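Novice: Could you work out the structure for the sequence below:
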Amino acid sequence: MGKKSKSVSNSIVTMTELVLPHHTNQLGNLLGGQLMHWIDICAALSASRHAQRVCVTASVDRIDFLHPVKLGDVVTLNAAVNRVFNTSMEVGVEIFASNHVKDTRVHSNSAFLTFVSVDEKLKPVKTFEIVPETEDEKRRFDNALRRRETRLKTRKNVY
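Specialist: The predicted model follows:
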């Protein structure tokens, strides 16, 4: 593969979406499923950018809705690869809701997803290692290992 590692900054993807009426429920709040769709797309782009391959979603951790996102808000999703494992990688996504009229911006959600890069036959393949450089990237790198261990224990207990 040539280069064996990449920095986290190479995997950063930012998406911006405007919350329109067809994205909302009867209360004018963004539908949770719509936000999860945007999260999955943004995270998949980040994983694919890092791996330089098609990446598929293997799991999605718990998503907490910290603040309602309203009709007319601008949603910004920031994704980056936190850590690479054997054939999988964790991608973290932070979501912010902004109201340009009220000049407000709140952190509305965070999510962690696991992706697997696949070859032309859809078989999992190893990808580039990730090199955290900043203190925040190092913290997310360390926390990703703890989350993975929890995921594997949970999977073992469920299946």
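Novice: Please name the nearest non-neighbouring residue to residue 27.
Specialist: Spatial nearest neighbour of residue 27, chain neighbours left out: residue 68 (8.0 Å); criterion: C-beta to C-beta, 6 or more residues apart in numbering. C-beta coordinates here come from the backbone N, C-alpha and C atoms, glycine included.
Novice: check contacts around that neighbour.
Specialist: With contact set as C-beta atoms under 8 Å, 6 or more residues apart in numbering, residue 68 has these partners: 27, 29, 30, 108.
Novice: Just the strands from this protein, written as ranges.
Specialist: Under the criterion DSSP state E, strands of the chain are mapped to 5-7, 13-18, 55-60, 74-84, 88-99, 104-117, 129-131.
Novice: and residue 159, what pLDDT?
Specialist: For residue 159, the model assigns a pLDDT of 60.
Novice: The longest helix anywhere in the chain: how far from the chain's middle?
Specialist: Counting by DSSP state H, the longest helix found in the chain is helix 135-158. Centroid separation for helix 135-158 versus its chain: 14 Å, with C-alpha atoms, centre = their mean, to the nearest Å.
Novice: Test my guess that residue 109 contacts residue 76.
Specialist: No - at 11.1 Å, residue 109 does not count as touching residue 76 under the criterion of C-beta atoms under 8 Å.
Novice: which neighbours do those two share?
Specialist: Any residue near both residue 109 and residue 76 by C-beta under 8 Å, 6+ apart counts here, and that gives residue 95.
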